[in-house]
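> whatever this is, show me its structure:
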Amino acid sequence: MEIYLIRHAIAENAAEGKKDEERNIIDKGFKETKKISKILKNLKAKPDFIISSPLTRAVQTADIIAKKFKYKKKIILAKELLPESKPSDIMELVKSKIDSKTKRIFIIGHMPLLGNFISFLLGVKNYTFDIEKSGVYIIDLNIDENNQVEGKLKGYLIPSIARRLA
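Next comes the predicted model:
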C-alpha cells in the first residue's frame with residue numbers, strides 16, 4: 001500500500017486577522033496544488049481514500065486534489081491530523097481505514113506532524129522530514145500480520161519540480 005503525505009497549500013498569513021484554523025489557501029497555493037495533482041494523476045496514483053486535517057487550508061487542498069481525480073467518496077476529516085497530534089495517532093487512523101484492497105491513501109496535513117510521521121514510518125529517530133507546502137512524500141507501507149509497520153520512501157514531489165513537469 002502507498003501513502004501519499006501531502007502538506008497543505010500556501011495559505012494566508014495568520015496576521016491577516018483570521019484564526020489559524022480558518023486561513024484560506026492563496027492563489028499561488030491553489031496553482032501549485034493543481035500542478036502536483038496533475039502529475040499524480042498522470043502517474044495513475046488514484047487514491048482509495050483521501051483523509052484531511054479539518055483545518056480550512058488542508059480541506060481546500062484536499063478538495064483540489066479530489067476534483068483532479070474525480071474522487072467520488074467523501075473526504076475524511078480527521079482530528080488525528082491536527083497539528084498537535086502525534087504520529088501514532090495517524091497510524092491508528094490509517095489502520096482503521098484500510099483493508100486488503102486498499103492500494104493508496106492520500107493524507108493532507110501540516111508540518112511538523114507529517115514530517116514526524118514520515119520519520120515514524122521509516123524508523124528514523126530524532127529527525128523531522130521537511131515537506132514544502134503542496135509537496136508530497138510517497139511511502140510504501142507494509143503492515144504485517146503481527147501489526148508491525150515497515151515504511152520505505154518511494155519518492156517525493158515538490159512544487160519547483162512540478163512546475164517543470166506540468
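> which residue is the nearest non-sequential neighbour of Ile3?
Among residues not flanking Ile3 along the chain, Ile139 sits closest, at 4.7 Å (CB to CB, 6 or more residues apart in numbering). Placement of C-beta: from N, CA and C, glycine included.
> the helix or strand encompassing the one you found: which residues count as buried?
Assigned by DSSP states H and E, Ile139 belongs to strand 136-143. Residues 136-139, 141 are the ones in strand 136-143 that count as buried (16 or more other CB atoms under 10 Å).
> switch those over to CSV; also include pLDDT and distance to His110.
Formatted as CSV, the buried residues of strand 136-143 follow (pLDDT from 0 to 100; distance: CB to CB, whole Å):
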residue, pLDDT, distance to His110
Val136, 98, 14
Tyr137, 98, 14
Ile138, 97, 18
Ile139, 97, 17
Leu141, 94, 20
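> looking at those, which is nearest Ile158?
Val136 (7.9 Å; CB to CB).
> bridging residues for the closest one?
Assessed by DSSP bridges, Val136 has beta-bridge partners Ile6, Leu157.
> my guess is it meets Leu5, correct?
Yes. Using CB atoms under 8 Å, Val136 is in contact with Leu5, at 6.8 Å.
> distance from the strand holding Ile139 to the middle of the chain?
In terms of CA atoms, centre = their mean, to the nearest Å, the centre of strand 136-143 is found 11 Å from the chain centre.
> for stretch 3-18, same thing?
Distance, centroid of stretch 3-18 to centroid of chain: 12 Å (CA atoms, centre = their mean).
> also stretch 118-138?
From the chain centre to the centre of stretch 118-138 is a distance of 11 Å (CA atoms, centre = their mean).
> what residues sit buried inside that stretch?
118-122, 129, 131-138.
> keep only those of these that are in strands.
136-138 (DSSP state E).
> got JSON lines for those, with distance to Arg164 too?
Converted to JSON lines, these look like this (distance: CB to CB, whole Å):
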{"residue": "Val136", "distance to Arg164": "15"}
{"residue": "Tyr137", "distance to Arg164": "19"}
{"residue": "Ile138", "distance to Arg164": "18"}
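> which regions of this structure lie under the pLDDT threshold?
Per-residue confidence for the chain (pLDDT under 70) gives these ranges: 16-18, 166.
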